[in-house]
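>>> Sequence and predicted structure below; questions after.
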Amino acid sequence: MRITVSIQDPTPEALADLDAFLTKHAAVVQTDTAWTPARARDYYEELPARAKAIVREALRRGGRVPADALRTDDGKGLNGHANGLKTTLTKGVEKQLWPHGMQQPVLGIGPGYGKVQGYRIRDEALPAFREGLADLLDQQEGGA
């Protein structure tokens, strides 16, 4: 049996009761941590401007964007671009936009040290981001 629960505008007491229930039955509770179009849109809306540019460009390019495509005309580094990607995920959990345990949807591409070579949207999250941000992409392609 699968039971899905959605609570809109829960009271603090309801959240405390739900948390107690989930803690008590953690062995059989599975949290839905999949990226959905609505979650993708909420995530995007919460991002700072520079991080939004990463997501937009990655979507325009099929899910990946090279670092050079994100640099400004002066060729400066990408310092600070990725910070918003991580902090937005954490803040979204605190704001209850999505559950704890969501995977970072946008990852840096690179050797794991030094400068990133670009960014990619996780393969499993890409369809949700495409659908959730389709209107945004349509506006861009239409010149708006």
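On my side now, so go ahead.
>>> use CA for all of it now, contacts and neighbours both
Fine.
>>> Provide a complete list of residue ranges assigned to strands in the protein.
Counting by DSSP state E, the segments of the chain that form strands are 64-66, 106-109, 118-121.
>>> which strands and helices sit next to the second one?
The helices and strands touching strand 106-109, judged by 3 or more Cα pairs under 8 Å, 6 or more residues apart in numbering; DSSP states H and E, are strand 118-121.
>>> contacting residues around the strand it packs on?
54-55, 58-59, 63-68, 105-110 (Cα atoms under 8 Å, 6 or more residues apart in numbering).
>>> Just the buried ones from those?
Neighbour-count burial (16 or more other Cα atoms under 10 Å) is assigned, among the contacts of strand 118-121, to 54-55, 58-59, 63-67, 105-109.
>>> So, low pLDDT: which residues of the protein?
For the chain, the stretches with pLDDT under 70 are 72-81, 140-144.
>>> Do a quick rundown of the helices in this protein.
12-24, 37-46, 49-60, 83-94, 126-132, 134-141 (DSSP state H).
>>> Output those helices in a markdown table; the columns should cover distance to residue 119.
A markdown table is the format used below for the helices of the chain (distance: least, Cα to Cα, whole Å):
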| stretch | distance to residue 119 |
| --- | --- |
| helix 12-24 | 35 |
| helix 37-46 | 15 |
| helix 49-60 | 7 |
| helix 83-94 | 11 |
| helix 126-132 | 13 |
| helix 134-141 | 18 |
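>>> Next, format the strands of the chain as TSV and append distance to residue 139.
Listed next are these as TSV, based on distance: least, Cα to Cα, whole Å:
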stretch	distance to residue 139
strand 64-66	19
strand 106-109	22
strand 118-121	20
